[in-house]
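Chemist: Turn this into a structure:
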Amino acid sequence: MTRPIAFILNGHAGHGFARTWMDENRIAIEAVAAGGPISVVENGEQIRAAVEQALALRCKAVVAGGGDGTLNAVASKLVNVPVAFGVLPMGTLNHFAKDLGIPLDPAAALQNIAAGNTISVDIGEVNGHFFPQPPPEAAAKRTRSIY
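Modeler: So this is what the prediction gives:
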């Protein structure tokens, strides 16, 4: 039996783009979720609850749909937990997805998730707050000198 995949989508991401995209692509998301929960969240408490639900259901992956803040909020709850973290870029800048070469088109990113494409990333910690860390060479591409 295939373990389900949870989807946690920020309804405000991309100025409401995430909610519209989810409504238009619900069948495709449900197919990839394989019975896993699909949650539209509005705040950090709802993100926390959705991650807890995914873990209680023993989902094999938790997918965050939103911008860098949403991705960070979900990923930080998965530190030291044996589940995969999926990314549906739906924010304004999507730096994390860009840095990792994840397609910025959510439909293409959903296909990557369905195919089970994975990469490893480091986890950083500052003052007890965890965050996914893109490879150094990716971050270096965005570094600029300021005079």
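Chemist: for the chain, which residue is closest to the average position?
Modeler: Centroid check for the chain by CA atoms, centre = their mean gives Ala64 as the closest residue, at 2.6 Å.
Chemist: can you give me the strands in this structure?
Modeler: Using DSSP state E, the strands found in the chain span residues 5-10, 38-41, 61-66, 84-89, 122-126, 129-133.
Chemist: Now render the ones you listed as CSV, adding mean pLDDT and distance to Lys77.
Modeler: For every residue, glycine as well, the C-beta is placed using N, CA and C. Formatted as CSV, the strands of the chain follow (pLDDT from 0 to 100; distance: least, CB to CB, whole Å):
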stretch, mean pLDDT, distance to Lys77
strand 5-10, 96, 10
strand 38-41, 95, 12
strand 61-66, 95, 8
strand 84-89, 94, 10
strand 122-126, 84, 12
strand 129-133, 79, 8
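Chemist: what's the closest of the ones you listed to Ser76?
Modeler: strand 129-133 (4.3 Å; CB to CB).
Chemist: how about the closest one: buried residues?
Modeler: 130-133 (16 or more other CB atoms under 10 Å).
Chemist: out of the residues you listed, who's nearest Ile113?
Modeler: Checking the buried residues of strand 129-133 one by one against Ile113 (CB to CB), the nearest turns out to be Pro132, at 15.7 Å.
Chemist: What residues does Phe131 make contact with?
Modeler: 72, 75-76, 123-125 (CB atoms under 8 Å, 6 or more residues apart in numbering).
Chemist: Any idea what it is bridged to?
Modeler: Gly124 (DSSP bridges).
Chemist: Glu125: how many residues sit nearby?
Modeler: 11 (other CB atoms under 10 Å).
Chemist: Just give the closest residue to it, not the sequence neighbours.
Modeler: Beyond its immediate neighbours in the sequence, the residue positioned closest to Glu125 (CB to CB, 6 or more residues apart in numbering) is Phe131, lying 7.7 Å away.
Chemist: Please tell me how far that neighbour sits from Thr20.
Modeler: From Phe131 over to Thr20 the distance is 28 Å, taken as CB to CB, to the nearest Å.
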